[in-house]
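Participant: Model the following, please.
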Amino acid sequence: MTPTYSAISRYLESEELTPLLKQLIIESSLPLKGVECDFAIDSSGFSTGLYRKWVDTKWGKPEFPGQRKRAVQLQDWVKVHLMCGVKTNIITAVEITHARSGDSLQFAPLVEQTSQNFSMREVSADKAYTSAKNLYLVVSKGAQPYIPFRKNTNVNQLYNTNGQTSFWKKMYHWYMANQDEFYQHYHKRSNVECTFSMLKRKFGERLRSKTRIAQENEMLCKILAHNLCVVVQSMYELGITPNFS
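Facilitator: Predicted coordinates for the structure are as follows:
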């Protein structure tokens, strides 16, 4: 049977495709498990072709008389949260959410997924991910977190788990006493910005699909293509021999 021009679009609409694409992204990162041990986390937005009224977004209800001047059309977008290796920019885990979702809640799934396949030594992220729970999670995986504290941090906050008391305070005092060393490692985080730049420059920063499921699958396809490009580049630069069997 000859496929029609809309066959790819119909496949992107399938919810069953999403976990398959996520698994392919994981599989495509495995050839570099012996290369990457330092990782970075961040999020970025990818625009869509859909628009919504600002008044609908702000108030959660249709426009009504008296607010017509505020009914501005705003372009909608999706938010991509990812974890990548800082040496090759390989993406090891990804979560896709709506535009206004928080960053910190996506930290744990990314770390958990990456730790299943990679031996982590360092994890860098910006202040949006600062929480005792996130810091402790990284330490529990045998890695060192490099996440700066906010200026209004309460040093009396404690995080108690598995006998670890005052973990939050200990990490804060280490951060304050070792600023130079901390930021030497923390600046590896800029590599995740490079990863997003690679994605957008090579595969575009706009999603053309119209529905939420199709947009997520389209984004996952971009990430999978990015990982395959990184693997090919690493074959020549690092001399690795990928084995996907």
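
Participant: A strand includes Thr195, no?
Facilitator: No. Thr195: not assigned to a strand; according to DSSP: H, G, I helix; E, B strand; the rest coil it is helix.

Participant: So in this protein, which helix runs the longest?
Facilitator: Looking across the chain with DSSP state H, the single longest helix is helix 212-237.

Participant: And that helix, how far out from the chain middle?
Facilitator: Centroid separation for helix 212-237 versus its chain: 13 Å, with CA atoms, centre = their mean, to the nearest Å.

Participant: cool, and stretch 110-127?
Facilitator: Chain-centre distance of stretch 110-127: 11 Å, with CA atoms, centre = their mean.

Participant: Go ahead and flag the most central residue of this structure.
Facilitator: In the chain, the C-alpha nearest the mean C-alpha coordinate belongs to Leu82, at 1.7 Å (CA atoms, centre = their mean).

Participant: Quick check: bridge partners of it?
Facilitator: Asp42, Val94 (DSSP bridges).

Participant: Spell out, range by range, the helices that occur in this structure.
Facilitator: Under DSSP H, the chain gives helices at 7-12, 17-29, 54-59, 107-115, 132-140, 167-177, 179-186, 190-203, 212-237.

Participant: Give me the residue ranges of this protein where confidence is low.
Facilitator: 1, 50-75, 154-166, 245 (pLDDT under 70).

Participant: count of residues packed around Thr241?
Facilitator: Counted with other CB atoms under 10 Å, the neighbours of Thr241 add up to 6. Where you see a C-beta, it was placed from the backbone N, CA and C, and this is true even at glycine.

Participant: related to what we said a few turns ago, ok, so what distance separates the residue nearest to the centre of the chain from Asn243?
Facilitator: As judged by CB to CB, to the nearest Å, Leu82 and Asn243 stand 24 Å apart.

Participant: coming back round to it: might one say that the residue nearest to the centre of the chain is in contact with Glu193?
Facilitator: No. Under the criterion of CB atoms under 8 Å, Leu82 makes no contact with Glu193, lying 11.3 Å away.
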